[in-house]
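[1] Predicted model follows, preceded by the sequence.
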Amino acid sequence: MTSEDRAAALRLLQKEASECTRCRLHERRTTVVFGDGNPDAELMFIGEGPGQHEDEQGLPFVGRSGQLLSTLLERVGLSRPEVYIANVVKCRPPGNRDPREDEIASCKGYLVEQIKLVDPAAVVTLGNFSTKLLLKTQVGITRMRGQAYPWWGRHVVPTFHPAAALRNGPRVVDEMVSDLQLATRIIAERPSVVEPGPPVQPEQIELFK
Ligand code: SF4
């Protein structure tokens, strides 16, 4: 797929999501926060769901968490326009509660399509929520982080959510930088280190089951 095809497919998917009423989260959203970034990114971030600022602006990670994420990227020699950022659910859960199982089930098709289209070498899951969803684990982020997990022809690199770093200070920031450095090494070595995964097919909707 060419870069233009990929960008066009993402735009189409975003248009579809912008009118989505598949789950109750559509009722109180201001905007659908589809995702943002480089359609050809080798590094993709997956958060949990939009917060208040994201809901208002229609972009992921635009508040203090977003500023920290940009700073972390700079520390590993990357910039935000180089990466792609999405969330597990595209509409803000009221009061920033956790997304519910039926809401995730309704929304995950968008995320699967985004991963397929962007086709990154490394997916960094931000916090417990996306880590548990992708890796089907109940192990907490503190134990999961610091390693890369082969996943469908690429690697998942779990790390803390930036909000955790804002709450807990420099130690967590340093651990996030270390995790991002691991992700950048994976990107640099992609052809030699990534285990061949199953072919990417539309039925990858099954990925998260
Ligand atoms: S959260 Fe996802 S499935 Fe639910 S309404 Fe928003 S876009 Fe649709």
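    The structure has been received and is ready for your questions.
[2] hey, let's count contacts and neighbours off CA atoms from now on
    OK.
[3] what residues does this structure put near the ligand?
    Within the chain, the positions lying close to the ligand (CA under 6 Å from any ligand atom) are 17, 20-23, 25-26, 89-91, 103, 106-107.
[4] let's see 8 Å
    The chain comes close to the ligand at residues 17-27, 29, 32-34, 89-92, 103-108, 110, as judged by CA under 8 Å from any ligand atom.
[5] What residues does residue 56 make contact with?
    Taking CA atoms under 8 Å, 6 or more residues apart in numbering, we find residue 56 in contact with 30, 31.
[6] which phi and psi does it have?
    When quoted as degrees, to the nearest 10, the phi and psi of residue 56 stand at phi -70, psi -40.
[7] for residue 37, same thing?
    The phi/psi pair for residue 37 (degrees, to the nearest 10) is phi 130, psi -160.
[8] Enumerate the beta-bridge partners assigned to it.
    Beta bridges link residue 37 to residue 84, judged by DSSP bridges.
[9] Count the residues that sit near it.
    Using other CA atoms under 10 Å, the number of residues around residue 37 comes to 17.
[10] Can you tell me the element the most centrally placed residue in the chain falls in?
    For the chain, residue 46 is the residue whose C-alpha lies nearest the centre (CA atoms, centre = their mean; 1.3 Å). Assigned by DSSP states H and E, residue 46 falls within strand 43-47.
[11] partner strands of that strand, parallel or antiparallel?
    Using DSSP bridges, strand 43-47 pairs in its sheet with strand 84-87 (parallel), strand 122-126 (parallel).
[12] Need those strands in CSV (columns: mean pLDDT).
    Below are these laid out as CSV (pLDDT from 0 to 100):
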stretch, mean pLDDT
strand 84-87, 98
strand 122-126, 98
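[13] what's the neighbour count on the residue nearest to residue 53 when sequence neighbours are not counted?
    Counting by CA to CA, 6 or more residues apart in numbering, the nearest residue to residue 53 once its immediate chain neighbours are dropped is residue 63, at 6.1 Å. Look at residue 63: counted by other CA under 10 Å, it has 15 neighbours.
[14] for residue 100, same thing?
    Neighbours around residue 100, by other CA under 10 Å: 12.
[15] ok so, going back, of the residues of the chain next to the ligand, buried ones?
    For the residues of the chain next to the ligand, a burial check counting by 16 or more other CA atoms under 10 Å picks out 17-18, 20, 25-26, 29, 32-34, 89-92, 103-108, 110.
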